[in-house]
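A.B. asks: after the sequence you'll find the predicted model.
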There are 2 protein chains.
Amino acid sequence: MSPLTTQSELPENTRDRLLIAAREVFGELGFKGATVREICRRAGVNVAAVNYHFNGKEALFMAALELEPITDLIAPDESGSAEERLTRFIREFVGRVMEQGCTPHTRLLLRELHEPSPALDSIAKTFIVPLHQHLTRLVRGVVGDEAPAAEVRRCVFSIFGQCTYYRNSREMNHLVYPELHYDEQEIEAAARHIAEFSLAGIKRVTSD
Amino acid sequence: MSPLTTQSELPENTRDRLLIAAREVFGELGFKGATVREICRRAGVNVAAVNYHFNGKEALFMAALELEPITDLIAPDESGSAEERLTRFIREFVGRVMEQGCTPHTRLLLRELHEPSPALDSIAKTFIVPLHQHLTRLVRGVVGDEAPAAEVRRCVFSIFGQCTYYRNSREMNHLVYPELHYDEQEIEAAARHIAEFSLAGIKRVTSD
DNA sequence: TTGCAGTTCAAACATGCGTTTGATACGCTT
DNA sequence: AAGCGTATCAAACGCATGTTTGAACTGCAA
């Protein structure tokens, strides 16, 4: 097992420091918004290091994505009822997406949903497609095999849409609801809401 | 009634040509991504015109937003049941948000949800807050006054989240579902899905 | 010590950006 | 025709960006 490491601890070698800083800055500002100089400043290395260890900004971005499948999120889950499995997934997904449990790496991926970068294709294949497939299986578990595929797909969209909304619109939402803060309790409530809301919705639209 | 005008027709005067081109380019690329040079190229005017007629890129952006309330979308609607009113709003909202009926101006506003610009505050006050209030009223019409405010707010988020997902994640979704195209029929189906899905969800989470 | 490959560095380079400038053209009144 | 304010233009300015350069440093083998 990999030991829990605080994100403040920096590796010795320049390459890894760059990767860590890159995930932070790309996740905060996006591919275009992030600057090589800011990444190097946070990593405490010279700007030329980006082109020495990688081959420019874009290659650093690709490397920062760590294109390995998110196996744990989409791992087969056989315990409990179909409803419980779907609820658990939503809870886990919302937890990762929201501020608290959101690693720079996750933030980096989420941004890709609405701000395409040069890595859009790779990200789609490596993360989003498996995620959609997994969620589709979970929904199918609830509604059975007879429900039309188009309707199931729309249910998947509805769930993803709700889950990502909380993160992607958080700045605007904070202006609209200044008193609303996403602490552990509110995230838990939001996840439970999305699960209940969606389960009822799923059953309704596939009941014909 | 204002006559239907094709968006290809260009006004004579430089200022209006700039506004039209600005909505296009800002809507496609966002505030930072858009360049003054590209806007001027599309408008067919000199780059200096931006600083002559407005006062720099940011002022042009603000002017392009046309900060007038979207009165028609949030107009009081008393006909039919509460469910019908909510369904109608969702249909109208989704229709505007999706490609077909989406004016450059609407696109410009939608982008603000997840990509804050210097105009975030103004947009929140002028568009988003009234929109949330209106949708909150519609949800209240369905669930009554006893439902907890926090639960109603989450329902509003769920609905907005679903509606905006279709647009904001469309590039990624097109990679995941290449065969899926949003023609008039699919938009209609998506809107109906969101309405049914949400009505069932709303009733479920406020039934305790 | 010498030589060499691997790293790091300050500095410069080329490009694209928003903005400014000074000249020029146009329309209008006198 | 002369004068004047408005509008447009090509060109340049100042700045930030990604990238490159060539020198300096490091550790290790010969």
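C.D. replies: Thanks, I have the structure now.
A.B. asks: CA only for contacts and neighbour counts going forward, please
C.D. replies: Noted.
A.B. asks: longest helix of chain A?
C.D. replies: Longest helix in chain A by number of residues (criterion: DSSP state H): helix A:184-205.
A.B. asks: can you tell me the helix or strand for residue A:91?
C.D. replies: helix A:82-97 (DSSP states H and E).
A.B. asks: other SSEs contacting that helix?
C.D. replies: Counting contacts by 3 or more Cα pairs under 8 Å, 6 or more residues apart in numbering or on different chains; DSSP states H and E, helix A:82-97 is packed against helix A:104-111, helix A:129-143, helix A:149-168, helix A:184-205.
A.B. asks: now the worst-scoring helix or strand of chain A on mean pLDDT: buried residues?
C.D. replies: None of the helices or strands of chain A scores lower by mean pLDDT, DSSP states H and E than helix A:104-111, at a mean of 85. Buried residues in helix A:104-111, counting neighbours by 16 or more other Cα atoms under 10 Å in any protein chain shown, are found at A:104-111.
A.B. asks: just checking, what packs against it?
C.D. replies: Judged by 3+ Cα pairs under 8 Å, 6+ apart, the packing partners of helix A:104-111 are helix A:14-33, helix A:57-65, helix A:82-97.
A.B. asks: what's in contact with the longest one?
C.D. replies: Applying Cα atoms under 8 Å, 6 or more residues apart in numbering or on different chains, the contact partners of helix A:14-33 are A:10-11, A:34, A:38-40, A:42-45, A:49-50, A:53, A:60-61, A:63-65, A:104-105, A:107-109, A:111, A:115, A:117, B:33.
A.B. asks: among those, name the buried ones.
C.D. replies: Buried subset of those (neighbour count, 16+ other Cα under 10 Å): A:34, A:39-40, A:43, A:45, A:49-50, A:60-61, A:64-65, A:104-105, A:107-109, A:111, A:115, A:117.
A.B. asks: let's verify residue A:117: helix, strand, or coil?
C.D. replies: coil (DSSP: H, G, I helix; E, B strand; the rest coil).
A.B. asks: burial check on the nearest residue to it once chain neighbours are set aside, number of neighbours?
C.D. replies: Leaving aside its sequence neighbours, residue A:117 sits nearest to residue A:31 (Cα to Cα, 6 or more residues apart in numbering or on different chains; 6.4 Å). Neighbour count of residue A:31, defined by other Cα atoms under 10 Å in any protein chain shown: 22.
A.B. asks: over to residue A:187?
C.D. replies: 20.
A.B. asks: surely it and residue A:95 touch.
C.D. replies: Yes. The pair residue A:187 / residue A:95 is scored as a contact, 6.9 Å apart, by Cα atoms under 8 Å.
A.B. asks: picking up where we left off before, now distance to DNA strand D too, for the helices and strands packed on helix A:82-97, in a markdown table please.
C.D. replies: Putting those into a markdown table (distance: least, Cα to the nearest atom of the strand, whole Å) gives the following:
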| stretch | distance to DNA strand D |
| --- | --- |
| helix A:104-111 | 16 |
| helix A:129-143 | 29 |
| helix A:149-168 | 23 |
| helix A:184-205 | 34 |
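A.B. asks: format these as JSON lines; extra columns: distance to residue B:173.
C.D. replies: Listed next are these as JSON lines, based on distance: least, Cα to Cα, whole Å:
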{"stretch": "helix A:104-111", "distance to residue B:173": "13"}
{"stretch": "helix A:129-143", "distance to residue B:173": "9"}
{"stretch": "helix A:149-168", "distance to residue B:173": "9"}
{"stretch": "helix A:184-205", "distance to residue B:173": "20"}
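A.B. asks: which helices and strands does the longest helix of chain A pack with?
C.D. replies: Using 3+ Cα pairs under 8 Å, 6+ apart, helix A:184-205 sits against helix A:82-97, helix A:129-143, helix A:149-168, helix B:149-168, helix B:184-205.
A.B. asks: tell me the buried residues in the shortest one?
C.D. replies: By neighbour count with 16+ other Cα under 10 Å, helix A:129-143 contains the buried residues A:129-132, A:134-140, A:142-143.
A.B. asks: now the longest one
C.D. replies: If you call a residue buried by 16+ other Cα under 10 Å, then helix B:184-205 has these buried ones: B:187, B:189-205.
A.B. asks: now the first one
C.D. replies: Of the residues in helix A:82-97, A:82-83, A:85-91, A:93-97 count as buried by neighbour count, 16+ other Cα under 10 Å.
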